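Undergrad: below is the sequence, then the predicted model.
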Amino acid sequence: MTAPNIVDVALIRGQSSVTRQVGTETQVIVFNEPSSSKVFKINSIVVTNVDGTNSADITVDITKSNAPYAIVSTVAVPADSSLVVLSKETSIYLEESMAIRATASANDDLYISISYEEIGETVDSDSLKDYENFHPYPLNLYDWWAITSSATSSTISSDGATGKSPLAGLPLKMSVTGTDPHIGTYNNSNYNIAPAADGETWGVSVWCKASTATTMQLYIFGADSGGSWSNLQPTGGVIVATDFSVTTSWVEYSTQITFNNPGVAYVQARLDGPNSGGTGQDLWFDYMKVYKIS
């Protein structure tokens, strides 16, 4: 874990995370990736309660070496009001592999906004492509899958015993039991990741390793206003499925799509094991990113 010399830097870029709904499951709001060669200066964190009647509690923490440290813990946010969790006068620094996370006492009530600066000693092509991650559970994919717990030809579990990925998340384990193993995180409004539209280009990436050399597939979908991919499929332009060779070491894989269908309203994604064969093999997935490219 390193941090740049912030006296002599080549990059200072202001960022404001898109306001996100906070649920009862802990989710990562801002994450400074390993080897980013940057430090994030967190200037403000504001939580807003959009429920006109009920108060709701918010917990916000910062993780370091995989351990959470509370910034605020179960603090009540009254109906139709906002809570300033952190301001510029009390700013903090997010070093490599550190994250800001949030948890609410009720779904649908609280939204969180974070303003921060990325500070780095160099500017390279990668630093200009740090797209915002819209995935709600990037470092705990099991909780994302468990929203409806749908899987085909596989058994899904949360597996920390295999060792955390380079991104320090809790891996989702897929044990292959038949043909076309995949998780059912698509064609359902519960799995709408972010609003999307015809003509936009979106990307998806994930870290993966396997018990033996095999293959896996990474899917990205466009869905209609009701969360249905299949309603749009007859006219096409809403799906990309990419095959990858997977080893026993953690590697990041990515693919992208440019939607070409006027019915697209949301973006969804799916993780697959080998398209054929593979029974008895195990695959692990961590730190999934879904991001808008243009």
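TA: Here it is on my side, so go on. Numbers count the residues shown, from 1 in each chain.

Undergrad: give me the average confidence score over stretch 200-216.
TA: Mean pLDDT, computed over stretch 200-216, is 94.

Undergrad: would you mark the buried spots in that stretch?
TA: 200, 202-211, 214-216 (16 or more other CB atoms under 10 Å). C-beta coordinates here come from the backbone N, C-alpha and C atoms, glycine included.

Undergrad: could I have it exported to CSV, CA atoms only?
TA: Output in CSV follows, covering the C-alpha atoms of stretch 200-216 (Å, rounded to 0.1, in the frame of the first residue of the first chain):
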residue,chain,number,x,y,z
GLU,A,200,-24.4,4.2,-24.8
THR,A,201,-21.3,2.1,-24.3
TRP,A,202,-21.0,0.1,-21.1
GLY,A,203,-18.3,-2.2,-19.7
VAL,A,204,-18.1,-5.0,-17.2
SER,A,205,-15.1,-6.6,-15.5
VAL,A,206,-14.4,-9.1,-12.8
TRP,A,207,-11.5,-10.9,-11.2
CYS,A,208,-11.6,-14.7,-11.5
LYS,A,209,-9.6,-17.8,-10.8
ALA,A,210,-10.4,-21.5,-11.0
SER,A,211,-9.5,-24.8,-9.3
THR,A,212,-8.1,-26.0,-12.6
ALA,A,213,-7.5,-24.4,-16.0
THR,A,214,-10.9,-23.9,-17.6
THR,A,215,-13.1,-21.2,-19.3
MET,A,216,-15.7,-18.7,-18.1
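
Undergrad: low-confidence ranges in the protein?
TA: Scanning the chain with the threshold set as pLDDT under 70 gives 1-19, 121-130, 163-164, 167-168.

Undergrad: circling back to that earlier point, any chance of the buried residues of stretch 200-216 in CSV, with distance to residue 187 and secondary structure too?
TA: Below are these laid out as CSV (distance: CB to CB, whole Å; DSSP: H, G, I helix; E, B strand; the rest coil):
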residue, distance to residue 187, secondary structure
200, 20, coil
202, 17, strand
203, 20, strand
204, 16, strand
205, 21, strand
206, 19, strand
207, 25, strand
208, 22, strand
209, 27, strand
210, 26, strand
211, 29, coil
214, 25, strand
215, 23, strand
216, 20, strand
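
Undergrad: could you work out the most separated pair of these?
TA: 200 and 211 (36.6 Å; CB to CB).

Undergrad: of the buried residues of stretch 200-216, just say which sits nearest to residue 288.
TA: Nearest member of the buried residues of stretch 200-216 to residue 288, counting by CB to CB, is residue 206, at 4.4 Å.
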